[in-house]
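A.B. asks: quick one: sequence plus predicted model below, questions after.
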Amino acid sequence: MDLCASTLELLGMVVYMAAWLCALATTLMPQWLTLSTDLLLTESYELGLWETCVVQDMGGMECRPYDSLLGLPQDIKVARVFMCISLAVGLLGLLLAIPGLHLVNSFSQGLEGCRAKRIMKVAGGVLGMVAGVLSL
């Protein structure tokens, strides 16, 4: 395999890892839904998947985890499920695609080794696309 193809494989893997880390950061952030009321103009509420935060104009922020799973809105429950599945599928795709890289010596160099590497790369890529769709 030539240097250009190996470089593109490595670049694709770096983009894949960056996308997975961004999905992880998005899952953990509390800024999924921002609410403000007309009664308290100096405070706004940020609802995340795992906690809710009260943000004040002076820069203070107080976050608390949700008390109960039963009291959560339906969209937060669904988003939790889809984002967790997306992270799991994306991680599985990463773990499948890394041994399939040409730069990693994981299989024999024969015809069957090249075929196995290609299958692992394709499976990792398909799982990455499924993870992306689940995140959407």
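C.D. replies: Received it, and whenever you're ready, just let me know what you need.
A.B. asks: distance check, residue 65 against residue 43.
C.D. replies: To residue 43, residue 65 is 19 Å away according to C-beta to C-beta, to the nearest Å. Where C-beta positions appear, they are placed from N, C-alpha and C, glycine not excepted.
A.B. asks: mind checking which of the two has more residues around it?
C.D. replies: The neighbour count for residue 65 versus residue 43, taken as other C-beta atoms under 10 Å, is higher for residue 43 (16 against 8).
A.B. asks: mind listing the residues bridging to the more buried one?
C.D. replies: Assessed by DSSP bridges, residue 43 has beta-bridge partners residue 56.
A.B. asks: how near is it to residue 128?
C.D. replies: Taking C-beta to C-beta, one finds residue 43 at 40 Å from residue 128.
A.B. asks: cool, and residue 85?
C.D. replies: 14 Å.
A.B. asks: just name the shakiest helix or strand of the protein by mean pLDDT.
C.D. replies: Sorting the helices and strands of the chain by mean pLDDT, DSSP states H and E puts strand 33-36 at the bottom, at a mean of 81.
A.B. asks: neighbouring contacts of it?
C.D. replies: 43, 44, 45, 46, 47, 76 (C-beta atoms under 8 Å, 6 or more residues apart in numbering).
A.B. asks: what's the answer for stretch 103-120, then?
C.D. replies: For stretch 103-120, using C-beta under 8 Å, 6+ apart, the contacting residues are 6, 9, 10, 96, 97, 98, 99, 100, 101, 102.
A.B. asks: good, wrapping up.
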